[in-house]
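1. Give the three-dimensional model of this entry:
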Amino acid sequence: MCSTTQPVQSRPLAAMSSFNPTDVPSSSQRIFAMSCLLPPAWRPRRERRWTFSQPWIRFPHVTGLPTLPGLEAFEAAARHGSFTRAADELHVSQSAISHRIKALETQLGCALFTRGARRVSLTEEGRALFASAREAFALLHEGVERIHATQQALTLSCSPSFAIRWLVPNLPDFARSCPEISVRLAADDRLTQPGREGIDACLRYGAGGYPDVSHTRLRVERIGPVCSPTLVDPTDLRKHTLLHDEVLRAHPGRVGWGRWLEAAGIEGVDAHRGPRFSHAHMALDAAQAGQGLALGRTSLVERDLADGRLVRPFSLELESGLSYWLLTPRGEPPPRVARFCDWLLRRMGA
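-> Numbers count the residues shown, from 1 in each chain. Model (predicted):
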């Protein structure tokens, strides 16, 4: 059989005569020099870079499973039926959720959602993947929960105002009741869902109706003016500053100064004047410092009223449409969570 390989062509002597024995070529120069002895068809292209970052390199052992962030975004969006609510839950932007899901659809080669103007719905392929993803994430959460169950640590999420005004002052009593359970408190305004991000239970101020979790109202909150005992003639509201907090100010169940003044039959007082604070505890601190009167919730002022740091100049209190709620994952809670819930409900007199 005749070979089709072209004969190796030797280099001209003139090209070799310029070689200086004192020159030490680099490794890349040596490789290129050796490649010049090969037939042209066999010579590699110099511009090619053999790196593992090249998109055209494929490894046969890669299974092609989607990334965890992509599956997490898909599962949250499928469960809520909304990219926006999924973004809120995962604390990322809506565009990030959209990009992750689009990349997942591209990888799978099919559409997972039917996009609508205000809501998305699952396609047939999306429903199939959601069933598997939901089961997989449930198993992951169960595995993580088993690890947490071996550690007697309780992670709570609540608002800064509730933490400062009620929970932290009462934690010593919980420590005496359950000394083997250590508490980690995450006080912020994020709507973290219990059972995610390592959060065992949440304490939230609102109207209730929290989906996908077990929720229990802790007590009925009553609202009334409070001030420092040093404030002179506090019943004449025209002489004093009204202090406002901005928590859920647009909610119809909220009791603000306008609603309270109307119920009290007090006229000639501008319900909108006075400084505004992002958190309730800030308005109460200002009232305690003698800067004016604030509307105080039962849970946030009862300790200061009992200790004489605050007083109620009026007897009228209105029942609020908002309350503090205890949120836990659905199902049987771990023992440490169950013990905290029992203690909290007893302590708040629910």
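2. hey, which helix is longest across this protein?
-> helix 124-149 (DSSP state H).
3. Now do the SS call for L295.
-> strand (DSSP: H, G, I helix; E, B strand; the rest coil).
4. Tell me where the model's unsure across the stretch 1-150 of the chain.
-> 1-63, 148-150 (pLDDT under 70).
5. For D173, give me its contacts.
-> Residues near D173 by Cβ atoms under 8 Å, 6 or more residues apart in numbering: W343, R347. Bear in mind the C-beta positions are built from the backbone N, C-alpha and C, glycine included.
6. Skipping its backbone neighbours, what lies nearest V183 in space?
-> Nearest non-adjacent residue to V183, counting by Cβ to Cβ, 6 or more residues apart in numbering: L154, 5.2 Å away.
7. now A263
-> Counting by Cβ to Cβ, 6+ apart, L318 is the residue found nearest to A263 once chain neighbours are left out, at 5.8 Å.
8. hang on, isn't the one you found packed against V255?
-> Yes. Proximity of L318 to V255 meets the contact threshold set by Cβ atoms under 8 Å, at 4.9 Å.
9. Now do the shared contacts for those two.
-> Residues touching both L318 and V255 by Cβ under 8 Å, 6+ apart: I223.
10. So for the two, which sits in the more crowded spot?
-> Comparing L318 with V255 by other Cβ atoms under 10 Å, the one with more neighbours is V255, at 20 against 15.
11. Provide the secondary structure category for the more buried one.
-> Following three-state DSSP, V255 is assigned to coil.
12. likewise the one 3 residues further on?
-> Assigned with three-state DSSP, G258 falls in the helix class.
13. what about A153, distance to P333?
-> Between A153 and P333 the computed distance is 14 Å (Cβ to Cβ, to the nearest Å).
14. if you count what's nearby, which of these two comes out ahead?
-> P333 (18 against 13).
15. That one is in contact with C341, isn't it?
-> Yes. If you go by Cβ under 8 Å, P333 and C341 touch, sitting 6.8 Å apart.
16. Overlap of the contact sets of those two?
-> A201.
17. those helices in the stretch 151-300 of the chain, which residues are they?
-> 160-162, 168-177, 257-264, 280-288, 298-307 (DSSP state H, counting those that start in this stretch).
18. ok, which stretches of the stretch 201-350 of the chain are strands?
-> For the stretch 201-350 of the chain, applying DSSP state E, counting those that start in this stretch gives strands covering 201-206, 214-217, 222-226, 242-245, 276-277, 293-297, 318-319, 323-328.
19. So which of those is the most surrounded?
-> strand 293-297 (a mean of 27; mean count of other Cβ atoms under 10 Å).
20. Which pLDDT value belongs to L326?
-> Confidence at L326, expressed as pLDDT, is 93.
21. what do you get for L171?
-> What the model reports as pLDDT for L171 is 95.
22. For S182, see how far away it is.
-> Counting by Cβ to Cβ, the gap from L171 to S182 is 11 Å.
23. try V213
-> Distance of V213 to S182, given as Cβ to Cβ: 24 Å.
24. what about these two, which has more around it?
-> The neighbour count for V213 versus S182, taken as other Cβ under 10 Å, is higher for V213 (17 against 13).
25. Any idea how many residues pack against H141?
-> 13.
26. Just read off the phi/psi values of the residue nearest to it when sequence neighbours are not counted.
-> In this structure, H141 finds its nearest non-sequential neighbour in G195, 6.5 Å apart by Cβ to Cβ, 6+ apart. Dihedral angles of G195 (phi, psi; degrees, to the nearest 10) stand at phi 90, psi -10.
27. burial count for G195?
-> 21.
28. One more: L140?
-> Applying other Cβ under 10 Å, we find 12 residues neighbouring L140.
29. Tell me how far it lies from Q193.
-> 15 Å.
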